[in-house]
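Undergrad: Next one to model:
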Amino acid sequence: MNIKMNLFVMTLAAALAGPIGFLGTDALAAGPQGGRGVRVQPLNADEAATLTFMREEEKMARDVYLNMAARWAQLPFANIAKSEQQHMDAIKAKLDRYGLPDPALAGIGAFRDTELQVLYDGLTDRGETAYLEALWVGGLIEEVDIEDLDNAIAATSHPDLAQVYGNLLRGSRNHLRAFASAIERQGVVYQAQHLDQETVDAIIDSPMERGK
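TA: Have a look, this model is predicted:
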């Protein structure tokens, strides 16, 4: 997310410039039968930092939605939490491909990145006050995800990363549509919380897309 992401990227980039050697040489990925690997063009420091951040970002979304599903037992939280798990899995596959460590902690609501931890705590507290507030929390998460994924696509030179980010972007637009629809069923018109209103209106007024 855009929560001091530049600082996070610079910190991780500095760490990657140390003894870890994957940035300077081609990464070696396992072949389809587990045999001799194929050479994979390595990520630069910014691409590696973004991919790593995205793993925890998707976990933050999943964990918030799991809590909201347990608290309110209403749609669309449980379904979207399952989709966020698929997003996490897609990012994990890319971390593995490029030989990057997985930052995601096992516990629900636990994060290595302190900014994401603060964000999770605040959004969960807000969402527990009322079902409508929980829906607004979901909309906010998806708006920020959309911006971050757009930026990630623009910043990578790797087609496979652009593809996976594009798949996640379609999912986030669908999630935003679902939250906006649920809010409007409560008799409230959805208003943009992070993106500009024109962009949000264009998304929620268009049909659901293929992809979760």
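
Undergrad: in this structure, which spans are helices?
TA: 5-16, 45-72, 77-97, 114-127, 131-155, 159-185, 197-204 (DSSP state H).

Undergrad: Could you check the ones you listed and tell me which one is nearest Arg39?
TA: For the helices of the chain, the distance to Arg39 is smallest for helix 77-97, at 11.9 Å, taking CB to CB. To be clear about C-beta, it is placed using only N, CA and C from the backbone, and glycine gets the same treatment.

Undergrad: Not counting sequence-adjacent ones, nearest residue to Pro76?
TA: Once flanking residues are discounted, Pro76 sits nearest to Ala178: 4.4 Å by CB to CB, 6 or more residues apart in numbering.

Undergrad: right, so the helices of the chain: which one is the most enclosed?
TA: By mean neighbour count, with neighbours taken as mean count of other CB atoms under 10 Å, helix 45-72 ranks first of the helices of the chain at a mean of 22.

Undergrad: For this structure, which element, helix or strand, carries the lowest mean pLDDT?
TA: Using mean pLDDT, DSSP states H and E, the weakest-scoring helix or strand in the chain turns out to be helix 5-16, at a mean of 39.

Undergrad: contacting residues for the residue most central in space within the chain?
TA: Nearest to the geometric centre of the chain sits Glu58, at 3.4 Å (CA atoms, centre = their mean). Glu58 makes contact with Glu84, His87, Met88, Ile91, Leu168 under the criterion CB atoms under 8 Å, 6 or more residues apart in numbering.

Undergrad: Out of the residues you listed, which comes closest to Ala49?
TA: Ile91 (13.0 Å).

Undergrad: Double-check that closest one against Phe53; I have them as touching.
TA: No: in this structure, Ile91 is not within contact of Phe53 by CB atoms under 8 Å, at 9.6 Å.

Undergrad: ok, so what distance separates Leu168 from Phe53?
TA: 13 Å (CB to CB, to the nearest Å).

Undergrad: just Ala162 next, same as before
TA: For Ala162 relative to Phe53 (CB to CB), the value is 16 Å.

Undergrad: try Thr156
TA: Thr156 sits 13 Å away from Phe53, taking CB to CB as the criterion.

Undergrad: likewise Leu75?
TA: From Leu75 to Phe53 the distance is 29 Å (CB to CB).

Undergrad: Equivalent analysis for Arg39, please.
TA: In terms of CB to CB, Arg39 sits 26 Å off from Phe53.

Undergrad: ok now do Glu143, which residues does it touch?
TA: By CB under 8 Å, 6+ apart, the contact list for Glu143 reads Leu176, Ala192, Gln193, His194, Leu195, Val200.

Undergrad: Equivalent analysis for Ala69, please.
TA: Phe77, Ala78, Ala81.

Undergrad: just curious, which of the residues you listed is nearest to Ile204?
TA: Phe77 (18.0 Å).

Undergrad: Not including adjacent chain positions, what is the nearest residue to the closest one?
TA: Ala69 (3.8 Å).

Undergrad: pLDDT wise, what is the one you found at?
TA: Looking at Ala69, its pLDDT reads 98.

Undergrad: now Ala30
TA: 46.

Undergrad: Over to the one 5 residues further on?
TA: pLDDT recorded at Gly35 is 45.

Undergrad: what do you get for the one 10 residues further on?
TA: Per-residue confidence (pLDDT) for Ala45: 98.
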